[in-house]
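> no FASTA, just this:
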């Protein structure tokens with residue numbers, strides 16, 4: 001039975017840490033982690049805003065099949 005490479009989240013985390021060490025060294029890791037955290041926060045804010053706008057649009061639109069006279 002063959003195991004798939006990078007199949008679990010732990011494998012991905014290990015790969016990312018190794019790449020960060022090779023590319024930036026140990027001094028750059030905190031800076032990169034902060035930047036990634038900020039980016040993920042902005043992404044989540046944007047996603048929540050889009051979801052809110054979609055929900056508002058769905059609430060204001062008439063139900064499909066409703067008679068419009």
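Noted; the coordinates are in hand. Just so we're clear, the structure is a prediction, and the values are computed from it rather than from any experiment.
> what's the average pLDDT for the one helix or strand residue 41 maps to?
Residue 41 belongs to helix 29-60 when assigned by DSSP states H and E. Summarised as a single mean, pLDDT over helix 29-60 is 90.
> give the other helices and strands that that helix contacts.
On a contact count with 3 or more C-beta pairs under 8 Å, 6 or more residues apart in numbering; DSSP states H and E, helix 29-60 meets helix 9-24. C-beta coordinates here come from the backbone N, C-alpha and C atoms, glycine included.
> pull out the buried positions in the helix holding residue 41.
Buried positions in helix 29-60, judged by neighbour count with 16 or more other C-beta atoms under 10 Å: none.
> angle of that helix against helix 9-24?
Helix 29-60 and helix 9-24 are oriented at 130 degrees to each other (axes from the mean of the first three to the mean of the last three C-alpha atoms, to 10 degrees).
> just give the nearest non-adjacent residue to residue 21, would you?
What sits nearest to residue 21 in space, not counting adjacent residues and going by C-beta to C-beta, 6 or more residues apart in numbering, is residue 29, at 7.4 Å.
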